[in-house]
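Enquirer: Quick one, what's the 3D model for this:
(2 chains)
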Amino acid sequence: MGLSGGLDSSTAAALCSLALGGDRVLGLIMPERETYRPVDVEHARMVAEKFGIPVEEVDLTRILEAYWASLPVYEPRDRVSNGNLKARVRMTILYYYANRLNRLVCGTSDKSEAMVGYFTKWGDGAADIEPIMDLYKTQVRQLARHIGVPKEIVEKPPAPNLWPGQLAEEELGIRYEVLDLILYGLEHFMTPREVVREVNVPVELVEMVLRRWRASEHKRRMPPCVKLEYRTVGMDFRLPHLTETKGG
Amino acid sequence: MGINPTRIALAQFDARVGDVQGNLRRMEEYVERASGEGAQLVIFPELSLTGYMCRDLYYELAERVPGPTTHRMVDLAKRHNIYVIYGLVERSGASASVLYNTAVLVGPEGYVGKYRKMHLPTHSVFEEKRYFRPGYDAPVYETEAGRIGMMICYDIFFPEVARLLRLRGANLLVCISASPGVRRLFFEAFTLARALENNAYLAYVNLVGIEDGLQFWGGSRLISPTGRVIVQAKYDEEDFVVGEVDYSKADRAGIFIPTLRDVRPELYDMLGEEAFYL
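Expert: Below is the predicted model:
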């Protein structure tokens, strides 16, 4: 799993360690020059050490430079494209390690991000398992405290750090304490008006969250396909997730 | 009873999922157009108000019937002196968690009636039993555009519904539908069969467009009691067609093929018993 030194990856790593034993987890720290902050790497190493997880560091800088030099449409000022590229490069590295070492990639998405689509499609959104994806950010914080993730990590402002200075709450325009309550209401089939009443926030904020939630469904699914035949992948094959195949 | 001949418009349109206001606006245009072309009745597809693949959104799109959009459609019907049948998600009076897949009939006299889909497909890509409660009745409504009985989509796979409507006096069977392309063969056979075996006119109006990978095939058609396709809309595209029916012809066709006279009531008892113990 990737270790960014942030709350989500630290909590997920701690859970993996508690579940499997730290020695069966490998943490990859993948900094790159533009967004490098020494404190993040320190935090990642701090968590790894506390939970007995070996780490390896893979610097992405030269990889990104190779991409930039090779892409005819590369545009240094396009923050979103370049930010997403970093997330996707990290994904390729995680999966390379997974292939080489015969392991699963553990994702670190939380429910708040997953619901509003605040992740990179096929970037940090790609994983084999997602242990904390059903917990809102504020719940992840509580869990983190409970299982012993270091305080500094629990309390630092969430930052995807895909470009320098990127802060989640600034970019989303809302604090997680508020976002999570709105999402919780929507999860429970509350109407926007009911959420406004219960959470005591402007209706525009609720509508913004609702829009982002609805508009990001494509990130949570297999790509759409047109149904032409009897049973269609991603639509109506309804197989269980088997761990062993029987029969045959 | 019905003016003879009666002109019926089939408004085969591409509903946008979740966009009630947008769909309503476009339905209003079609109602005007139908009226302009001298139609006494205009029919829209299943769930035309909301789109079909709404899934969890059904709860927030549902409304009472009669309710807000019914009132709007009634205004239209009165203004244009026309009957309108359309589909929407109905909310029960008892609870917001109880929903029906409903067809509404309005006309110049106001709200006329509704039909709640009885057979809810829950197989392949369909999950209607997850969201909707089934209906329990198939009423027939006496109007100036005919004695109208309604059914919805999968209902047509079950001859009982059309038969019940016919036995209750329907001379126009209306089937509104949101049928994806893989089912075209079934519907083309069933629409003919239900018209023929019941000696009634049958109007079939299907959605077009693609929702969540499902393409609706259109092919709306108006069928005579003798199995003639009076008018048929295009496949796969939005279309608007108007056909004429003459209810007195249905009586004459019935003399030629008297299925209604020859119905065997005791078979229905036997069917009832067998169906319980499958």
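
Enquirer: residues contacting residue A:98?
Expert: A:104-105, A:128 (C-beta atoms under 8 Å, 6 or more residues apart in numbering or on different chains). Placement of C-beta: from N, CA and C, glycine included.

Enquirer: same thing but at 10 Å, please
Expert: A:1, A:26, A:104-106, A:127-128 (C-beta atoms under 10 Å, 6 or more residues apart in numbering or on different chains).

Enquirer: Same check on residue B:221?
Expert: B:10, B:12, B:187-188, B:191-192, B:195, B:202-206, B:229-233, B:241, B:243.

Enquirer: So which of those residues are in helices?
Expert: B:187-188, B:191-192, B:195 (DSSP state H).

Enquirer: which among the contacts of residue B:221 end up buried?
Expert: Buried subset of those (neighbour count, 16 or more other C-beta atoms under 10 Å in any protein chain shown): B:10, B:12, B:187-188, B:191-192, B:195, B:202-206, B:230-233, B:241, B:243.

Enquirer: Name the nearest residue to residue 198, ignoring sequence neighbours.
Expert: All of this is about chain A. Excluding the flanking residues, the one nearest residue A:198 by C-beta to C-beta, 6 or more residues apart in numbering or on different chains is residue A:185, at 6.2 Å.

Enquirer: ah, I was thinking of chain B
Expert: residue B:166 (4.0 Å).

Enquirer: And for the one you found, the neighbour number?
Expert: 22 (other C-beta atoms under 10 Å in any protein chain shown).

Enquirer: Relative to residue B:27, how far out is it?
Expert: Distance of residue B:166 to residue B:27, given as C-beta to C-beta, to the nearest Å: 28 Å.

Enquirer: thinking again about what came up before, would you check which of the ones in helices among the contacts of residue B:221 are in contact with chain A?
Expert: Counting by C-beta under 10 Å from any C-beta of the partner chain, nothing from those sits close to chain A.

Enquirer: What are the buried residues along stretch B:253-265?
Expert: B:253-254.

Enquirer: likewise stretch B:64-81?
Expert: In stretch B:64-81, counting by 16+ other C-beta under 10 Å, buried: B:65-66, B:69-70, B:73-74, B:76-77, B:80.

Enquirer: just curious, which of the residues you listed is nearest to chain A?
Expert: Among these, residue B:69 lies closest to chain A (C-beta to the nearest C-beta), at 17.7 Å.

Enquirer: Can you read off the pLDDT for the closest one?
Expert: Per-residue confidence at residue B:69 stands at 96 (pLDDT).

Enquirer: so it touches residue B:88, yeah?
Expert: Yes: counting by C-beta atoms under 10 Å, residue B:69 does reach residue B:88; the two are 6.4 Å apart.

Enquirer: Return every residue with contacts to both of the two.
Expert: B:20, B:23-24, B:49-50, B:63, B:104.

Enquirer: out of these, which are inside helices?
Expert: B:20, B:23-24.

Enquirer: Output those as a markdown table; include the columns pLDDT, neighbour count and distance to residue A:11.
Expert: Formatted as a markdown table, those follow (pLDDT from 0 to 100; neighbours: other C-beta atoms under 10 Å in any protein chain shown; distance: C-beta to C-beta, whole Å):
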| residue | pLDDT | neighbour count | distance to residue A:11 |
| --- | --- | --- | --- |
| B:20 | 97 | 19 | 41 |
| B:23 | 98 | 24 | 44 |
| B:24 | 97 | 19 | 47 |
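
Enquirer: What is the nearest of those residues to chain A?
Expert: The closest of these, once distances to chain A are taken by C-beta to the nearest C-beta, is residue B:20, at 14.4 Å.

Enquirer: Let me see the contact set for that closest one.
Expert: B:49-51, B:60-61, B:63, B:68-69, B:88-89.

Enquirer: Residue B:245 too?
Expert: So residue B:245 contacts B:2, B:4-8, B:40-41, B:145-146, B:171-172, B:200-203, B:222-225, B:230 (C-beta under 10 Å, 6+ apart).

Enquirer: Recalculate using a threshold of 6 Å.
Expert: B:6, B:201 (C-beta atoms under 6 Å, 6 or more residues apart in numbering or on different chains).

Enquirer: Show me which of the contacts of residue B:20 is closest to chain A.
Expert: If you rank the contacts of residue B:20 by distance to chain A using C-beta to the nearest C-beta, residue B:60 comes first, at 6.5 Å.

Enquirer: Could you tell me the per-residue confidence at the residue nearest to the closest one when sequence neighbours are not counted?
Expert: The shortest distance from residue B:60 to any residue other than its chain neighbours is 6.5 Å, reached at residue A:191 (C-beta to C-beta, 6+ apart). pLDDT, residue A:191: 94.

Enquirer: what's around residue A:191, how many residues?
Expert: Residue A:191 sits with 15 neighbouring residues when counted by other C-beta under 10 Å.

Enquirer: In contact with residue 51, which residues?
Expert: This is for chain A. A:14, A:17, A:22 are the contacts of residue A:51 under C-beta under 6 Å, 6+ apart.

Enquirer: oops, I was thinking of chain B
Expert: Here residue B:51 is in contact with B:15-17 (C-beta under 6 Å, 6+ apart).

Enquirer: Save those as CSV, and put in pLDDT and distance to chain A too.
Expert: Compiled in CSV, those are given as follows (pLDDT from 0 to 100; distance: C-beta to the nearest C-beta, whole Å):
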residue, pLDDT, distance to chain A
B:15, 97, 17
B:16, 96, 13
B:17, 97, 11
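
Enquirer: what residue is smack in the middle of chain A?
Expert: residue A:109 (3.2 Å; C-alpha atoms, centre = their mean).

Enquirer: Tell me how far the closest residue to residue A:192 other than its chain neighbours lies from chain B.
Expert: Leaving aside its sequence neighbours, residue A:192 sits nearest to residue A:206 (C-beta to C-beta, 6+ apart; 4.6 Å). With distances taken as C-beta to the nearest C-beta, to the nearest Å, residue A:206 is found 13 Å from chain B.

Enquirer: any idea of the mean pLDDT for whatever helix or strand residue A:206 lives in?
Expert: Under the criterion DSSP states H and E, the helix or strand holding residue A:206 is helix A:203-215. Helix A:203-215 shows a mean pLDDT of 97.

Enquirer: could you say what helices and strands it packs with?
Expert: helix A:111-116, helix A:192-199 (3 or more C-beta pairs under 6 Å, 6 or more residues apart in numbering or on different chains; DSSP states H and E).

Enquirer: ok, residues contacting it?
Expert: With C-beta under 6 Å, 6+ apart, helix A:203-215 has contacts from A:115-116, A:182, A:192, A:195-196.

Enquirer: Apply 10 Å and report the result again.
Expert: By C-beta under 10 Å, 6+ apart, the list of residues contacting helix A:203-215 reads A:112, A:114-118, A:172-174, A:178-179, A:182-183, A:185-187, A:190-196, A:199, A:201-202, B:18, B:57.

Enquirer: wait, isn't the residue nearest to the centre of chain A in contact with residue A:118?
Expert: Yes: with contact defined as C-beta under 10 Å, residue A:109 counts as touching residue A:118 (9.1 Å).

Enquirer: Let me see the ranges of the helices in chain A.
Expert: A:7-20, A:38-50, A:61-70, A:79-101, A:111-116, A:137-147, A:151-155, A:168-172, A:176-187, A:192-199, A:203-215.

Enquirer: Fine by me, we can end here.
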